[in-house]
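Trainee: Kindly generate the corresponding structure for this input.
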Amino acid sequence: QARLVESGGGLVQAGASLRLSCAASRRPISNYNMAWFRQAPGKEREFVAAISWTGGNTDYAASVKGRFTISRDNAENMLYLQMNSLKPEDTAIYYCAERANMFGSTSSDRNEYYYWGQGTQVTVSS
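Mentor: Residues are numbered from 1 along each chain as shown. A predicted model of the protein is given here:
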């Protein structure tokens, strides 16, 4: 059973950058597709970015494409989200997620992810 812990959130001004990290434990992430989701107050949890188990394929929500970059370090069991040019509408709790089954293709469907972290708050002021 996987355990995911996010870090790196904070309060920043619009235009700033943040790098979120997700530390995985209890099982290696190397064979599993992973993703970042976010949830703003009063809104449903939404897809941000996904990465294949090899790191060779990535997918992004239209709202973050060109500004955010998802990456992974399988040797360190880490997932990352580099967020540049942050906007107030990026304010949310950010969650990392891991698929239950190995390999396969990336997915933006939150129901495809079984393991979730506790989230890290990102607040962007205008």
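Trainee: Looking at stretch 16-34 now, give me its mean pLDDT.
Mentor: Mean pLDDT, stretch 16-34: 94.
Trainee: Next: stretch 64-78.
Mentor: When pLDDT is averaged over stretch 64-78, the result is 97.
Trainee: do the same with stretch 4-12
Mentor: 97.
Trainee: Where do the strands of the protein begin and end?
Mentor: With DSSP state E, the ranges of strands along the chain come out as 3-7, 10-13, 18-25, 34-39, 46-51, 58-60, 68-73, 78-83, 92-99, 113-116, 120-125.
Trainee: Tell me the strands beside the last one, with direction?
Mentor: Translated: strand 120-125. For strand 120-125, the paired strands and their directions (DSSP bridges) are strand 10-13 (parallel), strand 92-99 (antiparallel).
Trainee: Take the strands of the chain and lay them out in a markdown table including distance to Ser107 and mean neighbour count.
Mentor: From N, CA and C alone the C-beta is placed, and that goes for glycine too. Output for the strands of the chain, formatted as a markdown table (distance: least, CB to CB, whole Å; neighbours: other CB atoms under 10 Å):
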| stretch | distance to Ser107 | mean neighbour count |
| --- | --- | --- |
| strand 3-7 | 17 | 17 |
| strand 10-13 | 28 | 13 |
| strand 18-25 | 17 | 19 |
| strand 34-39 | 7 | 24 |
| strand 46-51 | 6 | 22 |
| strand 58-60 | 8 | 18 |
| strand 68-73 | 13 | 19 |
| strand 78-83 | 15 | 21 |
| strand 92-99 | 7 | 23 |
| strand 113-116 | 8 | 17 |
| strand 120-125 | 22 | 17 |
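Trainee: Please convert the ones you listed to TSV, extending it with distance to Thr106.
Mentor: Converted to TSV, the strands of the chain look like this (distance: least, CB to CB, whole Å):
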stretch	distance to Thr106
strand 3-7	17
strand 10-13	27
strand 18-25	16
strand 34-39	7
strand 46-51	4
strand 58-60	5
strand 68-73	10
strand 78-83	13
strand 92-99	9
strand 113-116	11
strand 120-125	22
